[in-house]
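> let me see the structure of the following:
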Amino acid sequence: MPGSWSNGEEKMKNNYINRLLGENELMLLVTRQHWFVLLGMILPELVVMAVMIAVSTAGSFINPLAALGFAVLIIPLGSMLRDTLIWYYQQYIVTNRRVMQVNGIVNKNVIDSSLEKVNDVKMSQSFFGRIFNYGDIEILTASELGVNLFRRIGNPVKFKIDMLNAKEKLGFSDNGLPQKQASDIPGLISKLDELRKQGVLNEEEFNIKKAALLSKM
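Sure thing, here's the model as predicted:
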């Protein structure tokens, strides 16, 4: 079960999402939570089903209790199907304009953040996350939502890269400022200093960002 899909593979599947896209807006990446998450969701149902099958097959197949046991299997099977659909329809999407989170099988819930409002992106991967290609993506935005946290999504590195590349193509640098202002290094340092004085940045963060700007001169 893959954790992410390319634009071409998903385009024909996501009729609902295609209707959400604006004119000239394209899906760049669609991903879901890693299949480990799905496995954790359905593992209890798999265990229950295995136990019920073992108990039912221990006796004769014509035993009424065995027949009842097989009939009751529909309950964990239905629960497993529901969990699988919940996982499948929870999608994290990067377009050339925004980042979207869509979930819900019948009733849909859509949260999106415009790329121009994305201020910072933080990716966290554990040791096993690097091996099995999953991780957390935290997106800090200037919108009312403030922070979007996507947990254990598949292919987080590509998700982050595609998002930052799409933002750059819109004409914004990775600090949320238009690229035409990026050449004004002294002015940017002055603004950073104001943020430091206001307490938005601490001394260490200010020095790191200042050094990064000076390196571009």
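
> so where's this protein uncertain?
Applying pLDDT under 70 to the chain flags residues 1-14, 58-69, 143-147, 171-184, 215-217.

> which stretches in it count as strands?
Remark: strands assigned in the chain by DSSP state E are 4-6, 27-31, 91-95, 98-103, 109-114, 118-124, 134-141, 147-154.

> to Phe206, which of those lies closest?
Closest approach to Phe206 among the strands of the chain is made by strand 118-124 (14.9 Å; Cβ to Cβ). For every residue, glycine as well, the C-beta is placed using N, CA and C.

> which strands or helices does that closest one pack on?
strand 134-141, helix 156-169 (3 or more Cβ pairs under 8 Å, 6 or more residues apart in numbering; DSSP states H and E).

> so which of the strands of the chain gets nearest Val48?
Checking these against Val48 by Cβ to Cβ gives strand 147-154 as the closest, at 24.0 Å.

> angle of that closest one against strand 109-114?
110 degrees (axes from the mean of the first three to the mean of the last three Cα atoms, to 10 degrees).

> wait, which of the helices and strands packed on strand 118-124 is closest to Thr95?
helix 156-169 (7.2 Å).

> now the angle from the closest one to strand 109-114?
50 degrees.

> okay, buried residues for helix 156-169 please.
Using 16 or more other Cβ atoms under 10 Å as the burial criterion, the residues of helix 156-169 that qualify are 156, 158-160, 162-164, 166-167.

> just checking, what packs against that helix?
Using 3+ Cβ pairs under 8 Å, 6+ apart, the elements in contact with helix 156-169 are strand 27-31, strand 91-95, strand 118-124, strand 134-141.

> pick the most deeply packed of the ones you listed.
Most buried of those by mean neighbour count (mean count of other Cβ atoms under 10 Å) is strand 91-95; its value is a mean of 23.

> please save the CA atoms from that one in CSV.
These are the backbone C-alpha positions of strand 91-95, laid out as CSV (Å, rounded to 0.1, in the frame of the first residue of the first chain):
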residue,chain,number,x,y,z
GLN,A,91,-5.5,13.1,1.7
TYR,A,92,-2.8,15.7,1.9
ILE,A,93,-2.4,17.6,-1.4
VAL,A,94,0.1,20.1,-2.7
THR,A,95,-1.1,22.2,-5.7
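
> which neighbours in the sheet does that strand have, and how are they oriented?
Counting by DSSP bridges, the strands paired with strand 91-95 are strand 27-31 (antiparallel), strand 98-103 (antiparallel).
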